[in-house]
Structures are given as structure tokens and as C-alpha cells.
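J.: How does the following fold in three dimensions:
(one chain, ligands or ions: 2)
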Amino acid sequence: MTIEAKRRLALDGDAVVKEALRRLDQPSRRLFLGRALTLGGLSLLTGCALVDEESVESALMKVSRFNDKVQAWLFDPNLLAPTYPESMITRPFPFNAYYAEDELPEVDAASFRLEVGGLVADKHAWTLAELRALPQTDQVTRHICVEGWSAIGKWGGVKFADFLRRVGADLSAKYVGFQCADDYFTSIDMPTALHPQTLLTLTYDGQELPARYGFPMKLRMPTKLGYKNPKHIQAIFVTNTYPGGYWENQGYNWFGGS
Ligand SMILES: Nc1nc2c(c(=O)[nH]1)N[C@H]1C(S)=C(S)[C@@H](COP(=O)(O)O)O[C@H]1N2
Ligand SMILES: [Mo]
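T.: Ligands and ions are numbered 1, 2, ... in the order given. Below you'll find the model as predicted:
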């Protein structure tokens with residue numbers, strides 16, 4: 001099916017969501033609308049704060065999982081996110097995490113090993129030197145955070161598809177999960193993992209990735225919202241079991257496409 005045909009059909013998906021909305025009582029409908037806006041790429045924080053009934057929460061979660069399916073189905077593996085000239089880089093690029101900048105995790109470069117696990121043939125742990133020895137590429141793209149800001153930055157590193165092939169990952173698996181040096185974790189769909197602009201980045205603006213932007217590495221996906229881009233990656237695993245994520249488990253939409 002063509003992507004255009006899918007988009008036309010997705011309008012029917014919207015109709016299903018609207019019908020589900022009509023069945024909710026008025027206050028819940030308002031709650032849902034908050035969440036629906038978020039699914040469109042706006043802040044979820046208000047929606048989260050408003051939700052206090054378990055039934056409403058589970059209904060919203062179902063709609064969110066439905067939205068994941070629609071987004072996954074609409075995802076075009078060949079459609080590239082916009083790139084920008086270096087003159088448009090946002091300076092200084094914002095820092096964001098679930099904690100303040102003075103609480104950044106400290107990662108020792110010399111002893112660091114990237115763990116690779118799950119459905120992969122080669123589970124050896126990678127040193128930073130080994131990762132830097134792989135072919136590198138860079139790109140200038142826009143990072144969009146659901147908290148209401150966006151910024152253009154330049155990240156460099158290894159094409160994630162190349163990395164996954166290199167470690168003999170099962171490319172038919174559903175998810176790639178990430179565990180970070182802070183307590184952050186997230187997971188992505190395999191088609192996005194294999195997207196040509198998805199990079200396992202080791203540099204920011206031509207320099208070694210600074211601590212605030214996720215030393216020693218950040219997965220950068222210009223096709224996904226900020227919270228889907230894990231910093232301080234320590235372990236990568238390929239799995240068919242839904243791994244969730246730090247914000248996703250608190251109600252953020254899992255697919256998180258921008
Ligand atoms: N390990 C880790 N990764 C993370 C986060 C975090 O708190 N910890 N926050 C996410 C969010 S919500 C955003 S917007 C970006 C911010 O990245 P930046 O500090 O490079 O702007 O990192 C994402 N990845
Ligand atoms: Mo974010």
C-alpha cells in the first residue's frame with residue numbers, strides 16, 4: 001500500500017478516535033483532548049497532571065497504544081526529516097533531562113563499555129575507541145521537545161542501521177531498548193532504528209559529546225520527539241518484548257514521532 005493510501009485510511013483512524021471521544025463523559029473528554037493534543041506533539045504534562053481516575057487512565061492508554069499503531073503504520077522508512085545549514089544551529093543548544101544539570105551522571109571514558117544484548121549474534125561490549133573506529137557521519141537537524149521548545153543541533157556518529165547489522169541484530173525483531181547511565185530508559189520500533197537518519201552519536205558540533213548532551217553517546221533520531229532520544233547510553237538490547245520507557249511509562253506516547 002502506498003504511503004498516500006495509508007494517510008487517507010488514517011483519516012478513518014481519526015474517525016474511530018473521535019467516536020471513542022464522543023462516548024466519554026464531558027470532563028473525561030476534556031482530559032482526553034489534552035492528551036490528544038500531546039499526541040500531536042504538544043506537552044503531555046498537563047494531561048498527566050489532570051488524570052487521576054484509573055479507568056480514564058487505562059482508556060487513555062488504550063488510545064495512546066492505538067495511536068502508536070497508527071503512527072508506526074504511517075511511518076515512511078524513506079522519508080527524511082529536514083536538515084539545516086550549520087549557520088542555523090541554535091547556540092547555546094538547550095540542556096534538558098528529568099534532573100538539573102548539576103546532577104549529570106559521570107561516565108568514565110577509559111572504563112566505559114557499551115553493552116549489547118538480546119536478539120543479537122555478537123554480544124561483545126564496545127569500547128569508545130572501537131565505536132570511533134566505525135565509519136562516522138554527521139547531520140544538522142531539529143530536536144523537538146514536548147515541553148514546548150525546539151532547537152537545531154549538529155550530531156555526528158555511526159549510522160545505527162550499520163551498527164545493528166554489524167552486531168548481527170535480528171532486524172525482524174520489534175524493539176530496540178536503551179538503558180542509560182542515569183535512570184533513564186526508552187525503546188524504539190525497528191523501522192525507526194533502521195531509518196537512514198538514525199545515528200548513534202559520539203559528537204556534538206564536531207566535538208566529543210559533552211556530558212550535558214549525553215556523554216558518551218546519544219541516539220539521535222530527527223524523526224522522533226526529544227524524549228525518545230536517549231543520552232548517556234550504557235546498554236542496547238534487541239527484543240520482541242515491549243520495553244516501555246521512563247516517560248512512556250508515565251503516559252507519554254510510546255511511538256513519539258514528530
Ligand atoms: N539519559 C537521558 N536521556 C534523555 C533525557 C534524560 O533525562 N536522560 N531526557 C530526554 C529529553 S525529554 C530531551 S528533550 C532530550 C534533551 O537533550 P539535550 O539535553 O541534548 O537537549 O534528551 C532526552 N534524553
Ligand atoms: Mo524532552
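J.: Now do the contacts for the residue nearest the centre of the chain.
T.: Centroid-nearest residue in the chain, with CA atoms, centre = their mean: residue 228, separated by 1.9 Å. Residues counted as contacts of residue 228 (CB atoms under 8 Å, 6 or more residues apart in numbering) are 186, 188, 221, 245, 256. The way it works is simple: take the backbone N, C-alpha and C, and place the C-beta from them, glycine included.
J.: can I get those in JSON lines with neighbour count, distance to residue 197 and secondary structure?
T.: Conversion of those to JSON lines gives the following (neighbours: other CB atoms under 10 Å; distance: CB to CB, whole Å; DSSP: H, G, I helix; E, B strand; the rest coil):
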{"residue": "186", "neighbour count": "26", "distance to residue 197": "17", "secondary structure": "strand"}
{"residue": "188", "neighbour count": "26", "distance to residue 197": "13", "secondary structure": "strand"}
{"residue": "221", "neighbour count": "25", "distance to residue 197": "7", "secondary structure": "coil"}
{"residue": "245", "neighbour count": "21", "distance to residue 197": "20", "secondary structure": "coil"}
{"residue": "256", "neighbour count": "26", "distance to residue 197": "15", "secondary structure": "coil"}
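J.: Specify which member of those is nearest to residue 208.
T.: Residue 208 lies nearest to residue 221 out of these, by CB to CB, at 20.6 Å.
J.: What's the separation between that closest one and residue 201?
T.: 10 Å (CB to CB, to the nearest Å).
J.: next one: residue 134
T.: Applying CB to CB to residue 134 and residue 201 gives a distance of 12 Å.
J.: In terms of neighbours, single out the busier of the two.
T.: Higher neighbour count among residue 134 and residue 201: residue 201, with 28 against 15, using other CB atoms under 10 Å.
J.: Which residue comes closest to whichever residue of the stretch 51-200 of the chain sits closest to ligand 2 once chain neighbours are left out?
T.: For the stretch 51-200 of the chain and ligand 2, the shortest gap (CB to the ion) falls at residue 145, measuring 3.4 Å. Excluding the flanking residues, the one nearest residue 145 by CB to CB, 6 or more residues apart in numbering is residue 226, at 3.8 Å.
J.: For the strand or helix carrying residue 164, list every residue counted as buried.
T.: Using DSSP states H and E, residue 164 sits within helix 160-166. Within helix 160-166, the residues that count as buried by 16 or more other CB atoms under 10 Å are 160-161, 163-164, 166.
J.: Run the chain-centre distance for that helix.
T.: Computed by CA atoms, centre = their mean, to the nearest Å, the chain-centroid distance of helix 160-166 equals 17 Å.
J.: Going C-terminal from that helix, what's the next secondary structure element?
T.: The first helix or strand that comes after helix 160-166 along the chain, using DSSP H and E, is strand 175-180.
J.: what secondary structure does residue 157 sit in?
T.: strand (DSSP: H, G, I helix; E, B strand; the rest coil).
J.: That one pairs with what?
T.: Beta-bridge pairing for residue 157 (DSSP bridges): residue 137, residue 201.
J.: Near ligand 2, which residues of the stretch 51-200 of the chain are found?
T.: Contact residues (CB under 5 Å from the ion) of the stretch 51-200 of the chain with ligand 2: residue 145.
J.: Run through the helices of the stretch 51-200 of the chain in chain order.
T.: Assigned by DSSP state H, counting those that start in this stretch, the stretch 51-200 of the chain shows helices spanning 54-74, 128-132, 160-166, 190-193.
J.: ok, how many other residues are close to the residue of the chain found nearest ligand 1?
T.: Residue of the chain nearest ligand 1, by CB to the nearest ligand atom: residue 226 (2.8 Å). Around residue 226 there are 19 other residues, counting by other CB under 10 Å.
J.: doesn't residue 220 make contact with residue 229?
T.: Yes - between residue 229 and residue 220 there is a contact under CB atoms under 8 Å: 5.7 Å.
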